[in-house]
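[1] how does the following fold in three dimensions:
(chains A and B)
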Amino acid sequence: MTNCSFLYENLFDAAVLTPSTQNNNFPATNIQHRWFTKVWRSTDDTGTLTESVVADLGASPGAVWAFALKKHNFSSSAVVKIQANATNVWTSPSVNVTLTMADLLVYFWSSAQTYRYWRLYIVDSAPAADYLEVGRMFLGPYYSPSINMSNNYKKRLSDPSDLNWSDGGQLVTNQKSRFRQIEMVFQYLPPTDLAEFEALFEDRGIGREFFFCRDRDLKDSTTIYCRMNKDMEIEHVGLEQFYNITMGIEELR
Amino acid sequence: MTDFARFIKDTDSWKVFLVDLNPCEEVESYTWTQDGTFTNLWWASYTDGAVNRVTQDGVEYTEAYSLTEANDLAESFYYDLAAQRLYLRTTDTDDPSEQTTPPAYDYVILAYVWKYFSNTQYSDSLIAFPRLTQTLLDGDCEQWTSATVPTHWTGAVAGSSTVNREGTEQYEGAYCVRLTIDGSNNAASVRQNIRLKPGARCKLTLRYKHSGTATSFVQIKNSGNNQYLLSSGSWSGSADHINLANTTEWAEYQLEFVAHATYTSYVITLSSDAATSANCYFDAAQLYIEREDNEYLPYITTQGMSDLHQSVSPFYETAMTMEFGELQFTNDGWWYENIQKYYWNMKEARIRFGARDSEQKDFEEVFQGMIRYPKATDLLVKIDLVDSKAYTYKNLPETIYDIVTYANLEDGAEGTPIPIIYGEFTEVVPVCISTTTFVFRIASHAIESVEAVYKNGELLTVATDYTVDLSAATITMEEDPEQAYIVCHVKGRKCSMLDGTYSENVADILYDILVTYGGVDPDKIDRASFLDLRGARSQKHHLWLGVSEPALEAVRTLQMSALFHLVPLRNGRLGAFRYTEGVDSDTPVLESQEIDGFGLEYDTSSAYSKVKINYGLLPSENHYESIETSDEAVTWRHHTENTLDITSSLRLAAEASELADYYIGVVKSPMKLVSGTVPSTLFLSYPGSKVIISKQRSLPDGTIFNVLTSEPYRILDLKKKMSNGKVEILAWDDLQSSGGTFCESCYSCQLCNTVQSGSCSSCFTCQLCNSGQCTTCQDCYYCQVCDTSQCEACQICVGCQSCNTCQTTQCADCVTCQVCNTGQCDSCEDCITCENCYHCQHYIPIG
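    Purely as a prediction, here's the structure:
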């Protein structure tokens, strides 16, 4: 089990994107939009679909430690790779990771990967549609506190559906998408972590999105795309070097 | 039952709203480049979505499906989504950004782009649908030039087989096409030239049936006879068609196919096959081309879907609204840019409603209308939507006398409207448009006839004193009339919606105003309702539109005169629904337990003691004849002495008198209105339609009081709750709204609340003789006319003094308790049933 991780400095958002093909009503720049439901879509084709999106991080690329992808229409047969190279040539990329197929694709490197060109590469031999779609991607560093969140964190499964009852008690419902909320406390954090949390809140506030992974060893099942849903509370617990931090996150829909 | 019908009644659903808005952008200032290959075309980079319409100085461009087609077609456009280029061929094939006299551009070129919004997107299934364009004209076979000539289809017959307008066997609407085949099986068919976008997905649907054992076929081929569509959806180089098997009941044929990659021009033919001495019927044909997929932006806020509000007023008020109120969108900054970039005001808006994961076809259109200008804040954008009766914003007549056209116009006429004349008028004053050749103009359009011309009251002789040009609507005097007073007896516009002949029918006049002058697309007219109105209202109408006024005023006059509502339908069509008595088997039924917040009221402000109908306009004097009818009992009952003054389009006194009788029947009583919130059963209803309502109320003693028992009501006002499918209604007693046709005294029994049939004698009651009683509950109590316990008919119970309940004590005034409506005893002064005091109405327990 690892400590939790916050993936919020998204280098992908400032990158120049070049898709292999693009339906112009669903441009690749949609991947940089915070709504994962706003998608890049390839042009229509049949048979095995082979598509890619190249991200140019610029001449001085930042260090990449993590990759995440929320919302896609890849089939279980799809082979999805995240690749990196110093040049925009993909015959033998320096980074070539085949991702485990999941609803939310996520990968962590054990060392910094500093390359200008990154490529999401998909070969789908049994595509669900005539096109491939990608919603939201993250590429960048992550922050993992030196002391993990307390074990007594609270996870809430929320349902915002509208409910109406008749006088006789008969229920009428207007269904809406469910989502998860987590309330967590970090106890006795040192000042270095305090600075990281303050940087996190300064950057994201309660309105901006990020990925949160509770346990990198269980990344496929513990990573969500979320926002902070309330103010971050910092409690000084003594000796000018220990702090308790209380925060909450809410899954984005 | 459709999927939508199930959805709307579902008590557990995921509701999705789709809002399509069609703003436009001015593009003449873009950087335009002349194409090197297709040199008639100019293109500009356009990255804001697929352009669906282009207008140049208000003139509509044709959408081309290829560069070749656009290059060959003046005033056309082609949008290349892959290259994100907009190609135009202007009127003069010149640069769209031409500036002959800078800085003004020569053209105003507007490019329309649909914007798509929803209230949600789901993580597992994207809400994205293709734009659909209908390529068939009048696939419903509603528009006919004559009984054998469809307007938009070309008929072909051999032998004595015929193409016919069929008005009784149609699948939907007013008509279908019937091919009647002779004994030698000579073919009959109708065909239409259509255009398909090369390589585009298309879907054909049509309804067909036959008589006997006949069969028919549909054929789609390219116009050069190179490719023929097969039932497999593929194309064949050999002549072929798609067989439609014999069926004597309406059947649906559907075919999804991909348009041929090479051709844009095609012909669709609906034809008989083996149909000797039989009939083949076709109706409801549609051929949609699927265009680009579009993602719906989830900008609509949780509370952003207003209620859909639709209402009509009584005929004598004629107000009609259909509005969506306000749509709210979240604003992430997109709107700030786009409300400035596009023109939004009075641009098209559509709202559809359906369940999550529904197919595109299962989203039901609930509103088509117009956008009012959006209002943006940092968080929200609000857009008002109004109904699509754009013609109401137009003044008629539009043309005026001017000295450029008429150099020798009579003094004082310049700038005055050239009248539009419907029906017959005995005294129309023409305007002298040539004082040198003595030509007088009567109307702005061709007219049916000039029946007579009078000069200073003296009847002139045609061909001797004057000549007539009906096309130009002029008379030419043989000699200078100088200052003589000229009046004409004329019959006006040829406006029949069926064949363009002269007509005084209200439906024809209405149709002509909407289509000819209002610019309403004939395809946007609900012809079935118009034809129904046309058949039912045979009165002679006339309208003289000689003063510039909103077209709505003319429509209002027709509505008041012919008793119909003009209702915008969900599909954007306009329906003219006349009042019809009674209910039919399809009338929705609301039971007591289905109505929340039930209310019953009598609107006394709607009671009038006198009705005055103005008719028979004399344009020369701007004078109407009038007829009055009154009911002084209204004053006695309701302490009101008002006159309902209606200016009608009726020409004849007898018909005006009938109208007056109707109106006094309606307005002599306060409007009986019910209100409440009802289930989704009424979600697809329109104002003006009927509903049957029952309402019961339990009384303190445990008995049930029938407030309404299966009573028909006419819906005046609907507020459709988009959030839960429920509907708030305000409805008007249908029997009251039927005016003079209902029993004046008692149209329903006050005890059992069932509607009585026949004359008032059946429920006008005598407590003693029991002769005029309610036939349902066999009980009744007091006179509905004078509000006392007397019988105006038989006089027996005027002071019959008998207690209806105990039969031993006397009843001075009324034999029923005002609280529980059962009999009471005047001596004991207690209501026997509910124990309320007869005089004070307060509860006094017996004993």
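[2] right, and chain A sits closest to which residue of the stretch 201-350 of chain B?
    Nearest residue of the stretch 201-350 of chain B to chain A, counting by CB to the nearest CB: B:Glu292, 5.3 Å away. Using the backbone N, CA and C atoms, a C-beta is placed for each residue, glycine as well.
[3] ok, and that residue, which helix or strand is that part of?
    strand B:279-295 (DSSP states H and E).
[4] direction included, what does that strand pair up with?
    Looking at strand B:279-295 with DSSP bridges, its partner strands are strand B:128-134 (antiparallel), strand B:176-180 (antiparallel), strand B:201-210 (antiparallel).
[5] can I get that strand as PDB, trimmed to CA atoms?
    Taking C-alpha atoms only, strand B:279-295 is exported to PDB below (Å, rounded to 0.1, in the frame of the first residue of the first chain):
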ATOM      1  CA  ASN B 279     -55.800   1.200 -55.400                       C
ATOM      2  CA  CYS B 280     -52.400   1.900 -54.000                       C
ATOM      3  CA  TYR B 281     -52.000   4.400 -51.200                       C
ATOM      4  CA  PHE B 282     -48.900   6.200 -50.000                       C
ATOM      5  CA  ASP B 283     -48.500   8.600 -47.100                       C
ATOM      6  CA  ALA B 284     -46.100  10.000 -44.500                       C
ATOM      7  CA  ALA B 285     -43.000   9.500 -46.600                       C
ATOM      8  CA  GLN B 286     -39.700  10.800 -45.100                       C
ATOM      9  CA  LEU B 287     -36.200  10.700 -46.300                       C
ATOM     10  CA  TYR B 288     -33.600  12.000 -43.900                       C
ATOM     11  CA  ILE B 289     -30.000  12.500 -44.500                       C
ATOM     12  CA  GLU B 290     -27.800  12.000 -41.500                       C
ATOM     13  CA  ARG B 291     -25.200  14.800 -41.300                       C
ATOM     14  CA  GLU B 292     -22.400  15.300 -38.900                       C
ATOM     15  CA  ASP B 293     -22.600  14.100 -35.300                       C
ATOM     16  CA  ASN B 294     -22.900  16.800 -32.700                       C
ATOM     17  CA  GLU B 295     -22.100  16.700 -29.000                       C
END
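[6] list the contacts for residue 134?
    All of this refers to chain A. A:Ile31, A:Val39, A:Trp40, A:Val53, A:Leu69, A:Lys71, A:His72, A:Leu120 (CB atoms under 8 Å, 6 or more residues apart in numbering or on different chains).
[7] let's do chain B instead
    Applying CB under 8 Å, 6+ apart, we find B:Gln134 in contact with B:Gln286, B:Leu287, B:Tyr288.
[8] what about 7 Å?
    Listed by CB atoms under 7 Å, 6 or more residues apart in numbering or on different chains, the contact partners of B:Gln134 are B:Gln286, B:Tyr288.
[9] could you do B:Asn22 as well?
    Counting by CB under 7 Å, 6+ apart, B:Asn22 has contacts B:Tyr112, B:Trp114, B:Lys347, B:Glu348.
[10] ok, and the closest non-adjacent residue to it?
    Once flanking residues are discounted, B:Asn22 sits nearest to B:Glu348: 4.2 Å by CB to CB, 6 or more residues apart in numbering or on different chains.
[11] residues in a beta bridge with the one you found, which ones?
    Beta-bridge pairing of B:Glu348 under DSSP bridges involves B:Met370.
[12] ok, back up a step: and which of the contacts of B:Asn22 is nearest B:Thr101?
    B:Tyr112 (27.4 Å; CB to CB).
[13] neighbours around B:Leu379, how many?
    11 (other CB atoms under 10 Å in any protein chain shown).
[14] and it, how far is that from A:Gly168?
    Distance check for B:Leu379 against A:Gly168: by CB to CB, to the nearest Å, it reads 39 Å.
[15] tell me where the chain has helices.
    I'll assume chain A. Secondary structure of chain A by DSSP state H: the helices cover A:191-204, A:219-222.
[16] not what I meant, chain B
    Under DSSP H, chain B gives helices at B:3-9, B:67-72, B:334-341, B:506-512, B:527-536, B:551-562, B:633-638, B:653-667, B:734-737.
[17] quick one: furthest residue from the center of chain A?
    A:Gly168 (45.3 Å; CA atoms, centre = their mean).
[18] circling back: now the contacts of B:Asn22 as JSON lines including pLDDT and neighbour count?
    Compiled in JSON lines, these are given as follows (pLDDT from 0 to 100; neighbours: other CB atoms under 10 Å in any protein chain shown):
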{"residue": "B:Tyr112", "pLDDT": "98", "neighbour count": "18"}
{"residue": "B:Trp114", "pLDDT": "97", "neighbour count": "19"}
{"residue": "B:Lys347", "pLDDT": "91", "neighbour count": "18"}
{"residue": "B:Glu348", "pLDDT": "90", "neighbour count": "19"}
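[19] surely B:Ser97 and B:Trp32 touch.
    Yes - between B:Ser97 and B:Trp32 there is a contact at 5.1 Å, judged by CB atoms under 7 Å.
[20] ok, these two, which is more surrounded?
    Applying other CB under 10 Å to B:Ser97 and B:Trp32 shows that B:Trp32 carries more neighbours, namely 22 against 18.
[21] contacting residues for that one?
    Counting by CB under 7 Å, 6+ apart, B:Trp32 makes contact with B:Trp42, B:Trp43, B:Ala44, B:Asp95, B:Pro96, B:Ser97.
[22] quick one: contacts for the fourth one?
    With contact set as CB under 7 Å, 6+ apart, B:Asp95 has these partners: B:Trp32, B:Trp42.
[23] so what's the residue count around the closest residue to chain A within chain B?
    The minimum distance from chain B to chain A, using CB to the nearest CB, falls at B:Gln121 (3.5 Å). B:Gln121 has 23 neighbouring residues, counting by other CB under 10 Å.
[24] residues contacting it?
    B:Gln121 neighbours (CB under 7 Å, 6+ apart): A:Thr37, B:Ile127, B:Pro298.
[25] can you check B:Asn40 too?
    Going by CB under 7 Å, 6+ apart, B:Asn40 touches B:Asn71, B:Arg89, B:Thr93.
[26] so what's B:Lys221 bridging to?
    Beta-bridge partners, per DSSP bridges, of B:Lys221: B:Tyr228, B:Val267.
[27] by proximity to chain B, which residue of the stretch 51-200 of chain A wins?
    For the stretch 51-200 of chain A, CB to the nearest CB, closest residue to chain B: A:Gln175, 4.2 Å.
[28] tell me the buried residues in stretch A:240-253?
    A:Phe242, A:Tyr243, A:Ile245, A:Thr246, A:Met247, A:Gly248, A:Ile249, A:Glu250, A:Glu251, A:Leu252, A:Arg253 (16 or more other CB atoms under 10 Å in any protein chain shown).
[29] chain B contacts on the stretch 1-150 of chain A?
    Taking CB under 7 Å from any CB of the partner chain as the contact definition, the stretch 1-150 of chain A meets chain B at A:Asn23, A:Asn24, A:Asn25, A:Phe26, A:Thr37, A:Lys38, A:Val39, A:Lys71, A:Glu133.
[30] ok, now which ones touch the third one?
    Residues counted as contacts of A:Asn25 (CB under 7 Å, 6+ apart) are B:Gly49, B:Glu292, B:Asp293, B:Asn294, B:Glu295.
[31] the fourth one too?
    Contact criterion CB under 7 Å, 6+ apart gives A:Val39, A:Trp40, A:Arg41, B:Glu295 as the residues in contact with A:Phe26.
[32] 6 Å - rerun?
    Residues in contact with A:Phe26 (CB atoms under 6 Å, 6 or more residues apart in numbering or on different chains) are A:Val39, A:Trp40, A:Arg41.
[33] model confidence score at the residue lying closest to it once chain neighbours are set aside, please.
    Distances taken as CB to CB, 6+ apart put A:Arg41 closest to A:Phe26, at 3.5 Å, once the chain neighbours are dropped. At A:Arg41, the predicted lDDT confidence score is 97.
[34] kindly report the same for B:Leu229.
    Looking at B:Leu229, its pLDDT reads 97.
[35] what's the burial count for it?
    Residues near B:Leu229, counting by other CB under 10 Å: 26.
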